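Q: next one to model:
(chains A, B and C)
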Amino acid sequence: MNRLSKLIVLAVTIVMLISLFACTAAPSTPDTSKPADTGSSTADKPADQKPAEKVKIKFLSLSSDENRNRIREDYIKVNVGKEFPNVEVEYDLGGGGQDYANKLKAYNASGDMPDVWFSEQNLSTVVIAAGNALDLYPYVKDSDFARKIKMKDLVSPDKDGKLYCVQPGADQYFTPRLWYHKDIFAQNNVEPPKTFDELVSVCETLKSSGIVPMSIVGKDGWTPNLHMVQTMIMAEDPQVAIDLVNNKTDFSNPVVKNALGRIQKLVQVGAFADGVTNIDYGPAMEMFTSNRSAMLAMFTWELGNLESACPDLDFVPWPSASASVDPNNVIQYWGAPLSGYLAAANSKNPEIAAKFAMFCAVQDALYYNIEQKAPTMYDTGIEIEGVSPLMQKNLDQFDAAEIKVPSMWAATFNAKMSAEFATENSKLLTGQYSPDDWISVINPVWAENFD
Amino acid sequence: MNKLYGNKLAIFIFAFPALLLFTVFVIYPIFPEVLISFQKNDGFRNMGYVGLKNYIDVLKNDTFWRANLNTFVIVLLSTFVALPVSLILALVMDRLSEPIRRFFKASSVLPAVLSVTVIAQMWIAIYEPMWGLLNSILRALGLDSLALAWLADSRTVVPAIAVAFLWQYLGLNALLFYTGIKAIPKTYYEAALIDGAGFIKSSIKITIPLLQDVTKYLLVLSILGCMAQFAHVRIMTAGGPGDISRTVIYHLYYRAFSASDFGQGCAIAILFVIECLVLTFLINKFVAREKIEF
Amino acid sequence: MNTLMILMGISFLFPMYWMLNISFKTKSEVYNNPFGLPEQWVFNNYGDALEKFNFPRYLANSVIYSVGTIIITVFFGSMLAYCFSRMDWKRKNLALSYISMGLIIPSQVVIIPLLIMTRDLGLKGTHMGLILPYSAFALSSCVLMLYAFFRSLPRELEEAACIDGCSIYQTYFRIIMPIIKPAIATQCVLIFMNTYNEFFLAFILGAEDKIRPLTVGLLNFFVSIGVSHWGQIGAAMIITSLPTILVYIIGNEQIENALTAGAILK
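A: Numbers count the residues shown, from 1 in each chain, chains lettered A, B, ... in the order given. Have a look, this model is predicted:
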């Protein structure tokens, strides 16, 4: 009898487990629709009770870079009370890089998104494909936010009539620069390089006098990922970078191979620190600001921080590798349509989530206008005053450049492409990996990038 | 008595809660994984069943074999270097004077008690090419040519991680060996002493054979621990440079999460579980006289 | 030989020295003088670190996870181990192999189904949402070790109890449990060490700040200061390691007794 009862309980448990499994493991359609249903049915409730109790919103953001942290701590947290007196925000700090990506992907896979989060293009596309991102267009359409955005593309719906992401339009002004210490260059009698060959000889000179020529973020191939591969392509032929972004060519293009060869060349002449593949963002910045390296490959989003840390700071546009390319005439900019704040499709309070996302974008704009004295596409009404000469130089060159190419990493790569690109670039930085191997791995992945 | 032990209800009450907990949180999640390993799946969408394609892709990928090789190197280092060192430490410990032994016992477990994050960060600082401890010592000794970028050099990165990982548990294993030694009745040694056997001889003839159970136990645990190595790799190099220092679990993590290829990630998971089963089978067959319960 | 062993013992203390040392250094001195004693002692690293990260809450969470996991694992695990070693049932060996599977299934492998399940069981955002998976993953080694221990226990004790008319439950909780204390103590120590230091599950499953343990809090702290201010990192590492070190120092003798009782080795 006991054995029988044991069997029955076991059988019931197994059936329960299997049914549980069947519900959760079925392809995502029921998974995503289920929370969406409950979302809509409960959406009315908090609306009724709004005056009585605070609405809870969960907000996930990067916690690994200074700008993101200061925006969250000094702007969002400070101003949220005024704007949303009835909302209580739970802050989920997601780290950075792969940690952040994996955390967001795990949430996404389980259909359990935070109400609002910040993500770059490659992650946003994953979430949107899963149907987990809220269409913000109905909320943005006639809002004050949309009216104050100068670049209307940022608040216009896509070809399906949806808008998933709101951003302040600061990214469009970010571009990679080659920063250098004027004093260190003067001490070593070197001039800022204008061509790639000059860059190589500058590196050789600096290396021989015992200083690290150029600081880059080597961990996970970060600097090559985010801009250097593209920078080296554009140094020879910007059109190839434009074609790549528009999927009109692939990585077997000979210009790509030359570009990779140039990075390899830099590694071989000792342009980067020993063990560069293990150097993270913080230490790379530290290396430059503590004068242990002469140059730094970095985007202009660090301009403010660099200026206050290094009195002898200056920059040059990335040197060209071909006589036909004028370095001052080309710009690689970071902005991508899906980098910014997104809201969850299954949020219990979609309206509040959408408004909170716009609020966050405004806080971004305030931060960049006030703290970085950097322009944004969102008009905060703040007059940017006291722009530093260096920032002015940056903006002048930016505006004067005729060829502006978006970052392929930010604007086109999907998750798989980003991951493989990072792996291959990290190998490239060892100096013992050939561009041909690199191309043979990346090209097949690229072929599936737009699927 | 036997009636008591045969009571079906009692058996159920004693066994069921733990088995249920284990089934729900450890075994049950495997089933979706098996299914996914036959799908093209990016972590949230099933884009159709593809048969064995994921397995074939995984097996054709050089990185998978490199990850296996790296894991294998760590297992070998642990079995043939770290465990013998722990054993020797334990044998020596038995001969130490009480205050020194007490000091050694107290300090030996400390690394294992500290979190992986702390230990891994410390080794990063030790291996740091420009100001790290290891290279500073090498340069002070005039061995500049040996001062490598330990964690960025494809030749040294895997052993370097293995050293950090194995060192952390060296003292704990030594202490476990030592507890085994202490459990050996002193009468065995008295007989040996009369025969005039020295420390080395009595160790080889008496202590080590009698430590068989402990050895077996530590062998299995350390092999499985090495197989599942993930945390040190993740913190120290994130599998880099490139994919050079990935272990199997790290490769799995990379494919599933970073490259959003859950099909392949799950296929790697299944292959990994099979590998571990084969390994334990081999240990049972060749190492253990008695069967290890698996 | 003594000197060698002392040196070896000192090498095991090196992490402590290193953490303490860098925690008193300025940001730049860590780079210029990484392993020597600080030239200029800086004490506000601790203040800064404590200010930037919510230590008491994370510590409380870590303790809740460790203690909860210990209670569940040891209670149910020891019962199952006892059941394996004493009771007669048909599929016992099969069940034993089944439980052993837990040793070779890494938690990273099953993270997504786990995430979905904790949500569906309504455990998301609660401490139980982590305690239960932790316990399930700790069960295998706990059961196997205690099983080995029970097998080495003579049966006479229980037989005497049986003659006295105790039921199997009374026998187990009144007679057996007290005897296996050293083995249980060992288990508590091992589980504590693993749970307190666990990172991966906590990072993914413990999304909300109010349930985050120290390990995840520490990582957020690292990255939030850009992994470059080693002085503060050292201070944070000391602060988070302090509880384990204290437990270890206070419980050192007991732990060692538990280990030497042969609890896990028979």
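Q: show me the shaky parts of chain A.
A: A:1-52, A:98 (pLDDT under 70).
Q: from residue B:206, how far off is the residue nearest to the spatial centre of it?
A: Residue closest to the mean C-alpha point of chain A, counted by CA atoms, centre = their mean, is residue A:120 at 4.4 Å. Here the criterion is CB to CB, to the nearest Å. By it, residue A:120 lies 64 Å from residue B:206. C-beta: built from backbone N, CA, C; applies to glycine.
Q: got it, and residue B:193?
A: 10 Å.
Q: between the two, which one's more packed in?
A: Shown here are residue B:193 and residue B:206; by other CB atoms under 10 Å in any protein chain shown, residue B:206 has more neighbours (16 against 12).
Q: my read is that the more buried one contacts residue B:188, right?
A: Yes. If you go by CB atoms under 8 Å, residue B:206 and residue B:188 touch, sitting 5.2 Å apart.
Q: need the residues touching each of the two.
A: The contact sets of residue B:206 and residue B:188 do not overlap (CB atoms under 8 Å, 6 or more residues apart in numbering or on different chains).
Q: show me where chain A has strands.
A: Here chain A has its strands, by DSSP state E, at A:55-61, A:87-93, A:116-119, A:176-181, A:212-215, A:293-299, A:313-316, A:330-333, A:340-343, A:403-406.
Q: strands paired with the fifth one, and their directions?
A: Counting by DSSP bridges, the strands paired with strand A:212-215 are strand A:293-299 (parallel).
Q: try the second one
A: According to DSSP bridges, the neighbouring strands of strand A:87-93, each with its direction, are strand A:55-61 (parallel).
Q: from the chain's centroid, how far away is the partner strand?
A: Averaged C-alpha coordinates place strand A:55-61 at 21 Å from its chain's average position (CA atoms, centre = their mean, to the nearest Å).
Q: just the buried residues of that strand, please?
A: By neighbour count with 16 or more other CB atoms under 10 Å in any protein chain shown, strand A:55-61 contains the buried residues A:55, A:57-61.
Q: for the top helix by length along chain B, give the mean pLDDT please.
A: In chain B, taking DSSP state H as the definition, the longest helix is helix B:157-182. Helix B:157-182 comes out with an average pLDDT of 89.
Q: so is it next to chain A?
A: No. Shown here: helix B:157-182 not in contact with chain A (CB under 8 Å from any CB of the partner chain), separated by at least 9.0 Å.
Q: okay, now the residue nearest to residue A:290 when sequence neighbours are not counted: neighbour count?
A: Spatially, and ignoring its direct neighbours in sequence, residue A:290 is nearest to residue C:28 (6.0 Å; CB to CB, 6 or more residues apart in numbering or on different chains). Using other CB under 10 Å, residue C:28 has 14 neighbouring residues.
Q: residue C:28 is in contact with residue A:292, isn't it?
A: No. Between residue C:28 and residue A:292 there is no contact under CB under 8 Å: 10.0 Å.
Q: okay, now the unreliable bits of the stretch 151-294 of chain B?
A: B:287-294.
Q: quick check: residues of it near chain C?
A: B:170-171, B:175-176, B:178-180, B:182-183, B:213-214, B:217, B:221, B:224, B:227-228, B:230-231, B:249, B:252-253, B:262, B:269, B:272-273, B:276-277, B:280, B:293-294.
Q: leaving out the residues flanking it, which one is nearest to the residue of the stretch 151-294 of chain B found nearest chain C?
A: Chain C sits closest to residue B:276 of the stretch 151-294 of chain B, with a gap of 3.8 Å, by CB to the nearest CB. Nearest residue to residue B:276, sequence neighbours excluded (CB to CB, 6+ apart): residue C:104, at 3.8 Å.
Q: quick one, phi/psi of that neighbour?
A: Backbone torsions for residue C:104, taken as degrees, to the nearest 10, come to phi -110, psi 10.
Q: cool, and the one 3 residues further on?
A: Recorded main-chain torsions at residue C:107 are phi -70, psi -20, according to degrees, to the nearest 10.
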